[in-house]
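J.: quick one, fold the following:
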Amino acid sequence: MFKFIKKDNLTFGIILGLLLPFVGMIGFYFYRFHRLTIIEFIQYLGIEQRLITNMVSFSLMANAIIFTLYINAHIDKTAKGIFISTCLYAIFVLVLKFWFV
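T.: All right, here's what the predicted structure looks like:
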């Protein structure tokens, strides 16, 4: 059923690494701002732009977790793809940090 999880492919790792931070962002929303509606949360992000870098940094923990699982399972090509996409997100966070703050 979950054979795609064991797939050892660089492209799959990049796609997985690009999508998982969105799961982390949803987790960030439920962890810190569950009392706000999604619309209110997005409006708040517009007001408190420094919060965006915190949210993206928190969301990268999802990549760190899945990267560790793939490294420990010796599924190296997929782990490499996750690492590449994590580096892209990290560059994005640094640009946001120095551009807006």
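
J.: could you list every residue that touches the residue nearest the centre of the chain?
T.: Nearest to the mean C-alpha position of the chain, by C-alpha atoms, centre = their mean, lies residue 21 at 2.0 Å. Contact analysis of residue 21 by C-beta atoms under 8 Å, 6 or more residues apart in numbering lists 56, 59, 60, 62, 63, 89. Heads up, the C-betas are built off the backbone N, CA and C, glycines and all.

J.: again, but for residue 18
T.: 85, 88.

J.: ok, the one 4 residues further on next?
T.: If a contact means C-beta under 8 Å, 6+ apart, then residue 22 has residue 59 as its contacts.

J.: which SS state does it fall under?
T.: helix (DSSP: H, G, I helix; E, B strand; the rest coil).

J.: tell me the pLDDT at it?
T.: According to the prediction, residue 22 has pLDDT 90.

J.: neighbours of residue 8, how many?
T.: 16 (other C-beta atoms under 10 Å).
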